[in-house]
Structures are given as structure tokens and as C-alpha cells.
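> One predicted model, sequence on top.
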Amino acid sequence: MTSSRYSATLIGAGSVGLVLAASLAKAGWDVSIVGARMPLDKISLQDNGVSSEYSVKTFDVNQSFTQPRVLIIAVKSQQVETISHWLPAFDSKSTTVLVAQNGVDQQQTFRNYFSNSPIIPAVIYFNAQRDKPGSVNLRRIGHEDVCLPQQDVTRLLASAFSTGGLRVLLTEDIQTYLWLKLLANISVNPLTALTGQPTGIMHRLDIADSARALMFEALPVARAEGAKITRQDVEAIMKWISTIPPESRSSMLQDKQAMAPLEYQALTGAVVRAGARQSIPTPLNKLILSLLAGSEAELLRD
Ligand SMILES: NC(=O)C1=CN([C@@H]2O[C@H](COP(=O)(O)OP(=O)(O)OC[C@H]3O[C@@H](n4cnc5c(N)ncnc54)[C@H](OP(=O)(O)O)[C@@H]3O)[C@@H](O)[C@H]2O)C=CC1
Ligand SMILES: CC(C)(CO)C(=O)C(=O)O
């Protein structure tokens, strides 16, 4: 059976969204984009030196449209409010909402906007950087590209992403995988953004020690929030981080260089908030949070 009858709509045609949309288009899905800053009729993907192009459509939710099987939301977490006016049009039992964002609060955030659609968080392991509208450079890290919760509704998506060239992991314990990825993000994203350096900076011994300290502080918080994470996992994350192509720019560094708001409330902020909830002190992550807030204020000053 061909999967060409399935359709997906993307909100957030940036680095991650373009990679996911290209994968579904490659798998034969009809892909459309809502709210692209400029109309796109194709996505160009560079994957390990190989370029490919996929046709997509751009549409306006004010015109009549058929509900997509999947709505991918790939805006930064601090941008959700700005897309909220489009979301009610997709709130349907037949449309699964795939939230492609770092952090652990995807379900909680999007439950405010969807009462019918199933909401599925996706853990994204690759690095992506949009170089111009509709064009994205994918750098793969480790053995998987996307992790999804094992559910009936995700099997179809998992199979489409696999056909579309992404390596997919299905898990019964998405909470643990979200937190494992969050531990990587509370170290790599702030440390690259605050130093202004690509991910190769993580190879410095002093920076690697700082990364470990941030993660070890967050570990009891993650466990108190239900993630099954051990000290060995922190070492495994450090190993994974060391395999990131050193020229990669974290999503937070990309924002800093674009002088755009930084995504720290959903990352470091999530650890600090959960720590407060669980009465577990998080002084290092609090310090990082204030440095990021200060750095952002300086970026956005003029
Ligand atoms: N980049 C990466 O390597 C990775 C990112 N992630 C996570 O994925 C999520 C998405 O990040 P990323 O893809 O990097 O982000 P990007 O900034 O590259 O993409 C977000 C896109 O959404 C668009 N957008 C935001 N608000 C609106 C709006 N109101 N109307 C129209 N378009 C809008 C932006 O447009 P514009 O740029 O014009 O504002 C941008 O194209 C984040 O949570 C990030 O942490 C996870 C793993 C890796
Ligand atoms: C792991 C990393 C750093 C990969 O790009 C990431 O998740 C991000 O940039 O937000």
C-alpha cells in the first residue's frame, strides 16, 4: 500500500520542521506549510553532502482545507503564543499533533490549545540549521534521529519517517527520553550560546566538567519527575555530545547569532521550575538561567 494518501501540515518552517517535513514528503506524504514567512513550493535538504528537493504547498487556514493526518509544530517554545491563532482550525480527533520541541512540557503546553487532537512529543536528536527560506542542512548525531512514544497513532508516523530516511526509536517511556534529551540541552545549548562557540567547545575539559555539573545537578530533579535516569546515563550523554559534529551550532547559539529571543525557559527553566516543585536545589542551573536572561536582554536591547 502506498502512503501517498496521508497528509501533514507544518507550522514552523525552520531548521527542525523542514527536516521532518522533507522526510514525510520523501515517504510520499502530501506536505503543506501554514504561516511560512514567504510562500514555499519546495524544501531543499542537505544531508551529509547529498542535496535533495521535495515539493510542498503553502496554505492559509482561512481558506477551506482538508484536515491533515498530522500537524507538526516546530516553532521554538517561546514562539507558541504567536502561532496560537492557527491552532483551533486543526483541533480534531483525526489530526495528531506532533510537537517537535526540546524540553519536557510539550503535553502540558499544547493541552491548552487542543482538546480533541492527540498530542505527541518528539525527541529530536539531529542538528539542523536553516540556511535560507525552505533550505536546511541536517547533521546527524548518534544512532537515532527521532524518538516517539510507542502508541497506535505513532506507528504510522514512525514508519513514514523511516521510509523518509530518518532513524526512528519508539519508546514505552517517553518521559525518560524527554528528560535524557533535556539533560543534553541544559548543557550544550547554554554553554555554546554563552561562549558564542559551536558544539566543538564541548570537547574542552573545563566545559565538559561544567556540562557534567549541570546534568548531575538536574539528575535528582529528573528522577523526582518520573524519569528513570542514572549517573551512568549522564556519562552516556557526555559521550553522545562528544559525537556531535564540532562545527554544529546549537539551536540556542543559532538564535543568539540571529539576535533572536533565546529558548531557555523550556530548557534550563524547566529544570529550575521542577527543582522548586520537588524541593531540590538547582543553584548552578539557576545561575545559567540568569546568565541566559541577561545575555538575551543585551541581545534584544536595541
Ligand atoms: N535546530 C536544531 O538543531 C534542533 C532544534 N531542536 C528544537 O526544535 C524546536 C524548533 O527549533 P528550530 O527548528 O531550531 O527553530 P527555528 O527557529 O529554526 O524554526 C522555527 C521556525 O518557526 C517559524 N515561526 C515562529 N513563529 C512563527 C510565526 N508566528 N509565524 C510563522 N512562522 C513562525 C520561524 O520563522 P522565523 O525564523 O522567520 O521567525 C522559524 O522558521 C526548538 O524547540 C528547538 O529547541 C531540537 C533539536 C535540534
Ligand atoms: C543536541 C542539539 C545541540 C543538537 O543541535 C540540540 O538539541 C539543539 O541544538 O537544540
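Yep, it's here. Numbering: from 1, shown residues only. Ligands and ions are numbered 1, 2, ... in the order given.
> Could I get the contacting residues of the residue of the stretch 201-302 of the chain found nearest ligand 1?
With CB to the nearest ligand atom, the shortest gap between the stretch 201-302 of the chain and ligand 1 falls at S251, namely 3.7 Å. Where you see a C-beta, it was placed from the backbone N, CA and C, and this is true even at glycine. When contacts are counted by CB atoms under 8 Å, 6 or more residues apart in numbering, S251 touches S15, V16, K76, N102, N189, E263.
> now do G196
Per CB under 8 Å, 6+ apart, neighbours of G196: L253, K256, Q257.
> surely L166 meets V146?
Yes: contact criterion CB atoms under 8 Å: L166 and V146 qualify, at 5.4 Å.
> Report the separation between the closest residue to ligand 2 within the stretch 1-150 of the chain and W240.
Ranked by CB to the nearest ligand atom, the top residue of the stretch 1-150 of the chain for proximity to ligand 2 is N127, at 3.3 Å. According to CB to CB, to the nearest Å, N127 stands 12 Å off from W240.
> what do the two both touch?
Jointly contacting N127 and W240 under the rule CB under 8 Å, 6+ apart are I141.
> which of those two has more neighbours?
Using other CB atoms under 10 Å as the criterion, N127 and W240 rank with N127 on top: 24 against 17.
> roughly how far apart are that one and L166?
13 Å.
> Repeat that for E296.
31 Å.
> These two: which is more packed in?
The residue with more neighbours, out of E296 and L166, is L166; 25 against 21, by other CB under 10 Å.
> what's near enough to touch the more buried one?
Here L166 is in contact with V19, L20, S23, F126, D145, V146 (CB under 8 Å, 6+ apart).
> Recalculate using a threshold of 6 Å.
By CB atoms under 6 Å, 6 or more residues apart in numbering, L166 lies in contact with S23, D145, V146.
> same check, this time on A8
A8 is in contact with L24, W29, V31, P68, V70, counting by CB under 6 Å, 6+ apart.
> low-confidence ranges in the stretch 201-302 of the chain?
Along the stretch 201-302 of the chain, no part satisfies pLDDT under 70.
> Residue numbers of this protein in contact with ligand 2?
Within the chain, the residues that sit near ligand 2 (CB under 6 Å from any ligand atom) are N102, N127, A184, N185, V188, N189, S248, S250, S251.
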